[in-house]
Structures are given as C-alpha cells and as structure tokens.
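>>> got a sequence here, can you build the structure:
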Amino acid sequence: MTASYGSNGIAPDSADCISRVRFLIQDTDDATAELTDEEIITIFESTSEDESNTVRNYRTAVHMVKALHRRYAKQASFSSGKTSVQYQARAKYFETVVEDLQSELMAALVADGYIDQGGVMYAGRSTSFNDAMALNQLYGRQLR
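Okay, here's the model as predicted:
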C-alpha cells in the first residue's frame, strides 16, 4: 500500500492527481492515509481526458469520498472501557464532504463552460435546465 502526498501538487489544475485529491479530502498524512495512491490513480485514469485536470481531480475526489463514506457507514460503532469508536460519525462527516465536493465539481464544470444555460425560479429557488439527468446524458455516465 503506497500513500504519498506533496504540498506542491495541490493547485486546482494540478497534474499530480494523488496530492490534489488527498488535499481535497484531507487525507494528507502518509502514516494514516485512508486511501492508496493506486486507488486514486485508478479512479483518476477512468475520468475523461477531454476534461480539465481540475474537473478530473474533483470527480476523482467525489468517488473516493463516496467510497470512504460507504466504508464507515457499514461498520458498527463500539466502546471498550474508556475508548469509543464512532464509525457512524465518520460516515456522516464523509457524507457532508461528498456534498461539498459535488458542489465544487459543478462549479468546476461551469468554469470550464460545460453547464448552466439558464434557469427558472421554482419554489423560491433558482434551478438550472442542466440538471443531473441532462448532465448524465451529456457525459454518458452518472455524476452522483
């Protein structure tokens, strides 16, 4: 299991996907890394080379954090003496990180000119015609 991180590779459009993704999900301590470099590279390489590195890094981070959420959501919390391990709290944390990263991914897609051709007001909030279904059709795969 390899885990590496270099703070000089954390720019949004960095080609160093390992350091950028680790920075985005705050998995930067080599000794306690949740993910292997190989896992990050495999997911990054599955993203479209037509997209910018910024989008590819965010897309990879979303997939990796979803995996961490699933890992902790399925584990039972436990206590032993004065020690308590709360996996559900970690799962909930990673769930919020997924939501944050998905928002940042959408912003990166907009910045790259992929989305948002207009919107309507519905129930007091702005919506876009480019919803998840339209994006799935555009990119041919699930975003969420």
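
>>> how about the contacts made by Thr54?
For Thr54, the contacting residues are Pro12, Asp13, Ala108, Ala111, Asp112, by C-beta atoms under 8 Å, 6 or more residues apart in numbering. (C-beta placed from N, C-alpha, C; glycine too.)

>>> buried members of these into PyMOL, please.
Buried residues within the contacts of Thr54, by 16 or more other C-beta atoms under 10 Å, are selected in PyMOL with:
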select buried, resi 12+108
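
>>> and the most centrally placed residue in the chain, how far from Phe94?
Closest residue to the average C-alpha location of the chain: Val62 at 1.8 Å, with C-alpha atoms, centre = their mean. Computed as C-beta to C-beta, to the nearest Å, the Val62 to Phe94 distance reads 11 Å.

>>> ditto for Arg59
Per C-beta to C-beta, Arg59 is found 17 Å from Phe94.

>>> Thr47: how many residues sit nearby?
Residues contacting Thr47 under the criterion other C-beta atoms under 10 Å number 18.

>>> excluding chain neighbours, what is closest to it?
In space, and not counting its chain neighbours, Thr47 is closest to Arg56: 4.3 Å by C-beta to C-beta, 6 or more residues apart in numbering.

>>> what number of residues lie near that neighbour?
Counted with other C-beta under 10 Å, the neighbours of Arg56 add up to 24.

>>> still on that earlier bit, not counting its neighbours along the chain, what's nearest the residue nearest to the centre of the chain?
Closest residue in space to Val62, ignoring its immediate chain neighbours: Leu101 at 4.8 Å, by C-beta to C-beta, 6+ apart.
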